[in-house]
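A.B. asks: Need coordinates for the following:
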Amino acid sequence: MTTTIEAVNITTDYIHYSVYDDNYNDYEPCSKEGVRYFGSWYLPTFYSLVFLLGLAGNLLVVLVLLKYKRLRTMTDIYLLNLALSDLLFVFALPFWAYFVADKWVFGDSFCKLISWIYQVGFYSGIFFIMLMSIDRYLAVVHVVFALKARTVRYGTLASVVVWLVASTAAVPDLIFSQAVNEYNYTMCKPVYLKNHTTWKLFSVLETNILGLLVPFIVMFVCYTEIVKTLLHCRNKKKKKAVKMIFAVMIVFFVFWTPYNIALFLQCLVDIGIITECLISKNLDYATQVTQTLAFFHCSLNPVIYFFMGQKFKKYIKLFFKNCVFSNTFFKPCGFPDTFHPESSGSLYTQSTSDEEAL
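C.D. replies: Next comes the predicted model:
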């Protein structure tokens, strides 16, 4: 797997061979014990942190959506699926954390399964962020058309397509990932028997294109049109909406771009284009650091898409007040007397407003 297993594997390669002379005839060993030691404590620590934050935040999103929102709009459908994608993504992290700290002990079949699950969560999460950008674009820029297009039926259909595409994009990891033993160390990594260089390059380009380039272009186009529309309308919530737009764009770009760049450069090392030992080591460190930064994005999704909205803050307070705190005193968990779950009509109006659509 490119995005996780490959980054882990760079810490397990004890020796690489690099070219040092002008005639490209003499090869000297490039020891990476320092890289492996750094990764053995750094990666498990941050994998565990991302797992805990992502699990707590996205579970809270799912519970609030199911309890209060009742999935009556396209936006709700996308938000639920985004949370499920992030949960699928973080599910694999404890296995990678143990792998890096020690070795892979879960067998060949589980290596394939975890690699595939992680990749499905990775791609589906990115795709649902794109769909939410398009959803916001329709709600703000094409309000009349949105009344017909932004329905639960179309949202469900689009979600099914996203899961199918994400599952298909992750098939190479299901096929090639294997538990192998190298240097008396068991690893879970992709093993390409033929056309090794081609598959390596394909895997990285797939991640770069589907995981960064395409979603960023879609988000940039959608949010550019949204900003233009908001700047020409009178709305007291305009400033807040614009701030949230830039938060989504900047956070996505800042968290994912460094890792995609490091991943591509690391691929150039793997296929032999970059051969300098020092550069290879520095790229190993950079890949590990930028990877953890990128993974934190799944923990921030609940904050970006929910906690900046007034409606969700109310739901969170209600959830903890009526469920968490009431259970502490052995009281039944239910809706407060003065609160009623949103109806289909009120939700539709809310989701098409500037604040909620953004």
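A.B. asks: Next one: the residue lying closest to Asp76 once chain neighbours are set aside relative to Ser177, how far apart?
C.D. replies: In space, not counting the residues next to it along the chain, Asp76 is nearest to Lys69; the distance is 4.9 Å by Cβ to Cβ, 6 or more residues apart in numbering. Heads up, the C-betas are built off the backbone N, CA and C, glycines and all. When distances are taken as Cβ to Cβ, to the nearest Å, Lys69 and Ser177 turn out to be 37 Å apart.
A.B. asks: Equivalent analysis for Ile226, please.
C.D. replies: 40 Å.
A.B. asks: do the same with Ser133
C.D. replies: From Ser133 over to Ser177 the distance is 31 Å, taken as Cβ to Cβ.
A.B. asks: Now name the helix or strand holding Tyr98.
C.D. replies: Tyr98 belongs to helix 93-101 when elements are defined using DSSP states H and E.
A.B. asks: Tell me the buried residues in that helix?
C.D. replies: In terms of neighbour count (16 or more other Cβ atoms under 10 Å), helix 93-101 has its buried residues at Leu93, Pro94, Phe95, Trp96, Ala97, Tyr98, Phe99, Val100.
A.B. asks: closest to Leu201 among those residues?
C.D. replies: Distance ranking of those against Leu201, using Cβ to Cβ, places Trp96 first at 23.2 Å.
A.B. asks: could you point out where the stretch 101-250 of the chain is predicted with low confidence?
C.D. replies: Per-residue confidence for the stretch 101-250 of the chain (pLDDT under 70) gives these ranges: 234-245.
A.B. asks: All the strands of it, residue numbers only.
C.D. replies: Counting by DSSP state E, counting those that start in this stretch, the stretch 101-250 of the chain has strands at residues 177-182, 185-190.
A.B. asks: tell me the most buried of those strands?
C.D. replies: When the strands of the stretch 101-250 of the chain are scored by mean count of other Cβ atoms under 10 Å, the highest mean neighbour count falls to strand 185-190 (a mean of 20).
A.B. asks: strands paired with that one, and their directions?
C.D. replies: Pairing partners of strand 185-190, with direction, according to DSSP bridges: strand 177-182 (antiparallel).
A.B. asks: hmm, back to that, can I get the buried residues of helix 93-101 in TSV including pLDDT and distance to Gly54?
C.D. replies: What follows is the buried residues of helix 93-101, written out as TSV (pLDDT from 0 to 100; distance: Cβ to Cβ, whole Å):
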residue	pLDDT	distance to Gly54
Leu93	93	8
Pro94	93	11
Phe95	93	14
Trp96	91	13
Ala97	91	13
Tyr98	91	17
Phe99	91	18
Val100	88	18
